[in-house]
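Chemist: Generate a structure from the sequence data that follows.
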Amino acid sequence: LTNLLKQTLSYRKFNMMDEFYIVNEAKESLLFLSMDFEQEMKDARDVREGGRWFDREFVLPDFIETFRGSVRLPALLQHLNALEEKKENASLSMRVAKDAKDVKDVKDVKDVKDVSVNRDG
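Modeler: Below you'll find the model as predicted:
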């Protein structure tokens, strides 16, 4: 599989015929097994490139600072993840504020109970 991938990459973009290690690293980092191939292919056709859950980019090493390639999300997925994270943080902040208000209300009720106990006692 690695040799076939080397040939395909060399034919399309870069000469990778002598770069077994890099191609193998990319293969191991990016390939996955689909449990429902037909559905995955249908979903892949419906969503534009860069927005699918499985889209990733392999960044080649520069062999000056890094000797290993890395995997990153495409720009569109990075943006969508940032928006989702902001929504989650806002939701969490609202829940914390609501919980703090509920705790304050419980303390107020407890204070009222203490006052009523003092009157009765």
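Chemist: Can you verify my assumption that residue 24 contacts residue 3?
Modeler: No. Look at residue 24 against residue 3 with Cβ atoms under 8 Å: they stay out of range, at 9.9 Å. The C-beta positions use only the backbone N, C-alpha and C, and glycine is treated the same way.
Chemist: Which of those two has more residues huddled nearby?
Modeler: Between residue 24 and residue 3, counted using other Cβ atoms under 10 Å, residue 24 has the larger neighbour count: 15 against 11.
Chemist: where along this protein do the strands fall?
Modeler: For the chain, applying DSSP state E gives strands covering 57-59, 70-72.
Chemist: So what's the gap between the first one and the chain middle?
Modeler: Yep, that's strand 57-59 we're talking about. Mean C-alpha position of strand 57-59 versus that of the full chain (Cα atoms, centre = their mean, to the nearest Å) differs by 15 Å.
Chemist: List the buried residues of it.
Modeler: Judged by neighbour count (16 or more other Cβ atoms under 10 Å), strand 57-59 contains no buried residues.
Chemist: And it, what does it pack against?
Modeler: Contact analysis of strand 57-59 by 3 or more Cβ pairs under 8 Å, 6 or more residues apart in numbering; DSSP states H and E lists helix 20-30, strand 70-72 as its packing neighbours.
Chemist: who touches the longest one?
Modeler: With contacts defined as Cβ atoms under 8 Å, 6 or more residues apart in numbering, helix 20-30 is touched by 1-2, 5-6, 9, 16, 56, 58, 60-61, 68-69, 71.
Chemist: State the mean pLDDT of it.
Modeler: Mean pLDDT, computed over helix 20-30, is 88.
Chemist: just for the chain, where's the confidence low?
Modeler: Applying pLDDT under 70 to the chain picks out residues 97, 99-121.
Chemist: if you set the cut-off to 90 instead, what comes out?
Modeler: 1-23, 25-34, 40-41, 43-121 (pLDDT under 90).
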